[in-house]
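Asks: Just need the structure, nothing else, for what follows:
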Amino acid sequence: QVQLVESGGGLVQAGGSLRLSCAASGRTFSTYTMGWFRQAPGKEREFVASINWVGSSTRYADSVKGRFTISRDDAKNTVYLQTNSLKPEDTAVYYCAAGRIFGAQATSLFDYWGQGTQVTVSS
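Replies: Residues are numbered from 1 along each chain as shown. Predicted coordinates:
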């Protein structure tokens, strides 16, 4: 069992940055692939980024490549999403998730989810 709690969201102007954090409980955190997803109002939840259990491989949605960076600190049971050069279209609730399959982008392949943190980017 893994419990996830996101933090770090907020209101930021276009071009700004935020670092999102996801704190995990459970001794098996280091064995999970971790992902970030987002959901804008009226839209489906979409994949943003993921990192494998070793921390050696990452995946990004095309819309965030070069602007967002996912990382993990297993000693702190925490995964991060550094978001730079934010755009109004990045506005969404951002969710952290844990799964067993690296490379998966479907929400159904992630087993545990946090409650989400709101990111709002003003133009």
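
Asks: going forward, measure contacts between C-alpha atoms and count neighbours the same way
Replies: Will do.

Asks: List the buried residues for stretch 1-12?
Replies: 2, 3, 4, 5, 6, 7, 8, 9, 12 (16 or more other Cα atoms under 10 Å).

Asks: hmm, I was thinking of stretch 80-91
Replies: So, applying 16+ other Cα under 10 Å, buried residues of stretch 80-91: 80, 81, 83, 84, 86, 87, 90, 91.

Asks: Report the lowest-confidence entry in the buried residues of stretch 1-12.
Replies: The lowest pLDDT within the buried residues of stretch 1-12 belongs to residue 2, with 91.

Asks: Residue 94: what secondary structure?
Replies: strand (DSSP: H, G, I helix; E, B strand; the rest coil).

Asks: Show me where this protein has its strands.
Replies: 3-7, 10-13, 18-25, 33-39, 46-51, 58-60, 68-73, 78-83, 92-99, 110-113, 117-122 (DSSP state E).

Asks: quick one: the fifth one to strand 33-39, angle?
Replies: So that's strand 46-51. 160 degrees (axes from the mean of the first three to the mean of the last three Cα atoms, to 10 degrees).

Asks: how about the CA coordinates for strand 46-51, as CSV?
Replies: Extracted C-alpha coordinates of strand 46-51, given in CSV (Å, rounded to 0.1, in the frame of the first residue of the first chain):
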residue,chain,number,x,y,z
GLU,A,46,-3.4,13.2,-19.1
PHE,A,47,0.1,11.9,-18.7
VAL,A,48,2.8,14.5,-17.9
ALA,A,49,5.9,12.6,-16.9
SER,A,50,7.2,9.4,-15.3
ILE,A,51,10.4,8.1,-13.7
